[in-house]
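Engineer: task: produce atomic coordinates for the following.
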Amino acid sequence: VDGSSELDVGGHLSYSLFDWVGVHLRSLGAATTRFTEVIAMVGLLRDERRTRGLSLLAIVGVPTGPEGDTKHGGWAYLLGATWRLTPLSWLQWDANLHYDFSAHHVVPESGLVARIVADGFASLDAQATLGAETRVTLLPGLKYRVASGVFVGAGFQFPLTWARDFDRRFYLQLEWARH
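Structural biologist: Numbers count the residues shown, from 1 in each chain. Here you go, the predicted structure:
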């Protein structure tokens, strides 16, 4: 927002402990994000093909980045639910809704992924922070499968509200998935 740019790297590592329980480590930016998130997810309901389901999630934000709010010792605590629907064979919708007990705001997030060609996908992610200063962002992107379980992608995120942490972000993604 001040006319400068920063290069940052983030990551998301997830591991399934059991068929219904998973643990995730996620950083949305090592240099610019205050937390590394430790996420526990427990599946409640799902269909046999795993195209629809509902899970509970608990998030602990461990302070690892630039200093910010020092409430709760700089830690963050969130609790919520996440779900997946596959309304069409080529369209998947993932969403979650959680409450941040540290900052006292609600965070809804939603993502659509559509297969547009055999190994090519379009995505649209939306995120909001609803509280004292409401923030809403959109992130359209494209992803391509280069090998079995290996994807490359790019996206452009921009805020839709006057309250914002940035003017625009460009994402490059390398994803390796093994299910």
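Engineer: hey, let's count contacts and neighbours off CA atoms from now on
Structural biologist: Fine.
Engineer: how near is residue 177 to residue 139?
Structural biologist: The spacing between residue 177 and residue 139, counted by CA to CA, to the nearest Å, is 21 Å.
Engineer: one more: residue 32?
Structural biologist: Counting by CA to CA, the gap from residue 32 to residue 139 is 18 Å.
Engineer: between those two, which one's more packed in?
Structural biologist: The neighbour count for residue 32 versus residue 139, taken as other CA atoms under 10 Å, is higher for residue 139 (20 against 17).
Engineer: can you pull out the strands in this protein?
Structural biologist: Along the chain, the segments classed as strands by DSSP state E run 11-16, 21-27, 35-46, 53-63, 76-88, 91-100, 105-117, 120-129, 135-147, 150-159, 169-176.
Engineer: could I get those strands as TSV with distance to residue 5 and mean pLDDT?
Structural biologist: Below are these laid out as TSV (distance: least, CA to CA, whole Å; pLDDT from 0 to 100):
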stretch	distance to residue 5	mean pLDDT
strand 11-16	20	80
strand 21-27	19	85
strand 35-46	20	89
strand 53-63	23	92
strand 76-88	26	94
strand 91-100	28	95
strand 105-117	25	96
strand 120-129	22	96
strand 135-147	18	96
strand 150-159	14	95
strand 169-176	9	91
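Engineer: write down the beta-bridge partners of the residue nearest the centre of the chain, one by one.
Structural biologist: The centroid of the chain falls nearest to residue 109 when counting by CA atoms, centre = their mean (7.5 Å). Per DSSP bridges, the residues bridged to residue 109 are residue 96, residue 127.
Engineer: check residue 117 too.
Structural biologist: In this entry, residue 117 is beta-bridged to residue 120, by DSSP bridges.
Engineer: that one: how many residues sit nearby?
Structural biologist: 10.
Engineer: got the contact list for residue 56?
Structural biologist: 41, 42, 43, 44, 79, 80, 81, 82 (CA atoms under 8 Å, 6 or more residues apart in numbering).
Engineer: got a list of what the closest residue in space to it that isn't next to it in sequence touches?
Structural biologist: Sequence neighbours aside, residue 81 is the residue nearest to residue 56 in space, at 4.4 Å (criterion: CA to CA, 6 or more residues apart in numbering). Each residue near residue 81 by CA under 8 Å, 6+ apart is listed here: 54, 55, 56, 57, 96, 97, 98.
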